[in-house]
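Peer 1: Here is my input; please provide its structure:
(chains A and B)
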Amino acid sequence: GQQVMQIPQYQHVQEGEDFTTYCNSSTTLSNIQWYKQRPGGHPVFLIQLVKSGEVKKQKRLTFQFGEAKKNSSLHITATQTTDVGTYFCALHRGNQFYFGTGTSLTVIP
Amino acid sequence: GAVVSQHPSRVICKSGTSVKIECRSLDFQATTMFWYRQFPKQSLMLMATSNEGSKATYEQGVEKDKFLINHASLTLSTLTVTSAHPEDSSFYICSASSFQGGEQYFGPGTRLTVT
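Peer 2: Numbering: from 1, shown residues only, chains lettered A, B, ... in the order given. Next comes the predicted model:
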C-alpha cells in the first residue's frame, strides 16, 4: 500500500521519560521527512533527512536516517507535556507524497 | 514561514449535495498540491495529487468523478465532493510545497459532515 509503517502506534510516557518512534520502508528512500500533528491541528514540518546514516538534532529531538535509507527514527529525550501529539514520517514516491501510519504520543504529567 | 489557507474550516451539508473546498498558498506558488483525508486517530491518506494546468493524479480507490480536483492557478486548488454521502464525512486537508521534494505546508483542514 501507499503507507509507510511506523511503530509503535501509541506510546504513553511519564513526563521526563524518553520516547522513540520508528519508521520502516521496504524500499530504499531518497529522503524522509518528519512531521508533528498536535491534537486538533494540522501537520507541521520538523525536519528532512537525505543522507545515509544522517543524524540531526533539534534541542531534545534526534532524527536518524538508516544506513540503507530504508528506516528512520525520531527520539525525544526527557519528554515534556508540550511534546504531546502524533509524529509522522513522510516521503516522496515519484510525484506523490505519503505519510507513515504515525505514532501518537501521550505524556503523563 | 509559508502559509496555506483552506476554506471552509467546517461544513455541514445534506446527503446528495456537493461541497467545494479551497486550498490556497498565500505567499508562494505551488505547481503541486496534495489532498488528504484523515479519519479520527488515523494517519493522513493521500487522495490525489493536484497538478497546476493538468489533470490530478488520483490514488487507487479514490473515485475521480466523486472527488473533483481543479488546480486553476499556481496558488489555488479546489476539491469538490460531489453527491456527498454520510460516509464522506471526514477531515480533508491539503498541502503544498514551494518546490518539488521540499517540505509540505498544510492547510488547517476542513471538517466535512454529511447528514
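
Peer 1: Name the next helix or strand downstream of the helix or strand of chain A with the lowest mean pLDDT, please.
Peer 2: Ranked by mean pLDDT, DSSP states H and E, the weakest helix or strand in chain A is strand A:96-99, scoring a mean of 90. Using DSSP states H and E, the helix or strand that follows strand A:96-99 in sequence is strand A:103-108.

Peer 1: buried sites along that next one?
Peer 2: For strand A:103-108, a neighbour-count test (16 or more other C-beta atoms under 10 Å in any protein chain shown) marks A:103, A:104, A:105, A:107 as buried. The way it works is simple: take the backbone N, C-alpha and C, and place the C-beta from them, glycine included.

Peer 1: neighbouring strands for whichever helix or strand residue A:33 is part of, and are they parallel or not?
Peer 2: Using DSSP H and E, residue A:33 sits in strand A:32-37. Here strand A:32-37 is paired, per DSSP bridges, with strand A:44-49 (antiparallel), strand A:85-93 (antiparallel).

Peer 1: Need the winner for burial among those strands.
Peer 2: strand A:85-93 (a mean of 22; mean count of other C-beta atoms under 10 Å in any protein chain shown).

Peer 1: Look at residue B:87 and give its secondary structure.
Peer 2: Classification of residue B:87 using DSSP: H, G, I helix; E, B strand; the rest coil returns helix.

Peer 1: Against chain A, how distant is it?
Peer 2: With distances taken as C-beta to the nearest C-beta, to the nearest Å, residue B:87 is found 20 Å from chain A.

Peer 1: For residue A:15, see how far away that residue is.
Peer 2: 39 Å (C-beta to C-beta, to the nearest Å).

Peer 1: Mind checking which of the two has more residues around it?
Peer 2: residue A:15 (12 against 8; other C-beta atoms under 10 Å in any protein chain shown).

Peer 1: Not counting the least confident helix or strand of chain A itself, show me its contacts.
Peer 2: A:2-4, A:35, A:43, A:88-92, B:34, B:36, B:43-46, B:49, B:57, B:59, B:95, B:104 (C-beta atoms under 8 Å, 6 or more residues apart in numbering or on different chains).

Peer 1: Mind listing what's buried along it?
Peer 2: So strand A:96-99, judged by 16+ other C-beta under 10 Å, has buried residues A:97, A:98, A:99.

Peer 1: okay, those residues in CSV with distance to residue B:108 next?
Peer 2: Shown next, in CSV, are the buried residues of strand A:96-99 (distance: C-beta to C-beta, whole Å):
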residue, distance to residue B:108
A:97, 18
A:98, 21
A:99, 17
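
Peer 1: For residue A:25, state which of these is nearest.
Peer 2: Minimum distance to residue A:25 across the buried residues of strand A:96-99 is 9.9 Å, recorded for residue A:98 (C-beta to C-beta).

Peer 1: Name the residues linked to that closest one by a beta bridge.
Peer 2: Beta-bridge partners recorded for residue A:98 (DSSP bridges): residue A:91.

Peer 1: separation between it and residue B:111?
Peer 2: Residue A:98 is 23 Å from residue B:111, where distance means C-beta to C-beta.

Peer 1: who are the neighbours in contact with residue B:109?
Peer 2: By C-beta under 8 Å, 6+ apart, the neighbours of residue B:109 are A:42, B:6, B:9, B:38, B:91, B:92, B:93.

Peer 1: any idea which helix or strand carries the fifth one?
Peer 2: Applying DSSP H and E as the criterion places residue B:91 in strand B:90-96.
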